[in-house]
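Participant: Just the structure for this:
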Amino acid sequence: MYSDIPVKEIMTRDVCKANIDENVHSIAKKMMEYGVGSAVIVDGKKPVGIVTEKDLIVKVVAKNRTPASVMVREVMSSPLITIKPTTSVREAADIMKKKGIRRLPVVNDSGELIGIITDNDILSISLDLGELASLITEHSSGFSEERGSGICERCGKYVDTLYEVEGLNLCEYCAERER
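Facilitator: Alright, predicted model coming up:
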């Protein structure tokens, strides 16, 4: 299942990043060019923080500060939580959930930024694999996903578990007969 996939398989390698000495106006333009909601802040090649759209709104716009006069180091979130490329997707998702974050920069053994994984990346792979699992189940068992309880559309019995077979909600007995 997807839990064993290392994040290096789905991470974005072309990360929107900015130097710690840049101003907020510069980083906002980079985020717009990349079409992303965050930028990893680096000092040399090492990531030291992250700036998100929320940071820009709360720490700059809402305080009516001029973006060109605000330095990134003033608004970035730090310390930065990072993971290794071999970290499993499941572990990355658990970290995000526990820490209440949506992005995890990926660093190599030297601590250099090599990618980023987001909640959307994880959701995408989960949906892709979920659809694949559903197709495998449908083809191997003859019927697809379980529905809740209800009345079988073939025999009319009330059952605790219905199965969708060719658009019909059927009890297990009728679903097996359709195979």
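Participant: would you list every one of the helices in the chain?
Facilitator: Using DSSP state H, the helices assigned to the chain run over residues 24-34, 53-56, 72-75, 89-99, 119-141, 172-178.
Participant: Can you add distance to Lys17, mean pLDDT and mean neighbour count and give those helices back as a markdown table?
Facilitator: C-beta coordinates here come from the backbone N, C-alpha and C atoms, glycine included. Listed next are these as a markdown table, based on distance: least, C-beta to C-beta, whole Å; pLDDT from 0 to 100; neighbours: other C-beta atoms under 10 Å:
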| stretch | distance to Lys17 | mean pLDDT | mean neighbour count |
| --- | --- | --- | --- |
| helix 24-34 | 8 | 96 | 16 |
| helix 53-56 | 15 | 95 | 17 |
| helix 72-75 | 11 | 95 | 18 |
| helix 89-99 | 19 | 92 | 16 |
| helix 119-141 | 17 | 61 | 13 |
| helix 172-178 | 52 | 80 | 16 |
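Participant: Of all the ones you listed, which one comes closest to Lys63?
Facilitator: Distance to Lys63, taken as C-beta to C-beta, is lowest for helix 72-75 among these, at 9.9 Å.
Participant: Run through who's touching the closest one.
Facilitator: With C-beta atoms under 8 Å, 6 or more residues apart in numbering as the contact definition, helix 72-75 has outside contacts at 18-24, 26-27, 41, 49, 51, 55-56, 59-60.
Participant: For Ile81, state which of those is nearest.
Facilitator: Checking the contacts of helix 72-75 one by one against Ile81 (C-beta to C-beta), the nearest turns out to be Gly49, at 10.6 Å.
Participant: Now do the same contact list for the closest one.
Facilitator: 20, 40-41, 72-73, 76-80.
Participant: now Asp121
Facilitator: Asp121 makes contact with 10-12, according to C-beta under 8 Å, 6+ apart.
Participant: Out of those residues, which comes closest to Leu104?
Facilitator: Met11 (8.7 Å).
Participant: what's the neighbour count on the nearest residue to that closest one once chain neighbours are set aside?
Facilitator: Excluding the flanking residues, the one nearest Met11 by C-beta to C-beta, 6 or more residues apart in numbering is Gly115, at 3.6 Å. Gly115 has 21 neighbours, counted by other C-beta atoms under 10 Å.
Participant: residue contacts, Gly115?
Facilitator: 7-8, 11-13, 15, 85, 105-106.
Participant: May I have the beta-bridge partners of the closest residue to Ser69 other than its chain neighbours?
Facilitator: Distances taken as C-beta to C-beta, 6+ apart put Asn23 closest to Ser69, at 7.0 Å, once the chain neighbours are dropped. Taking DSSP bridges as the rule, Asn23 bridges to Met71.
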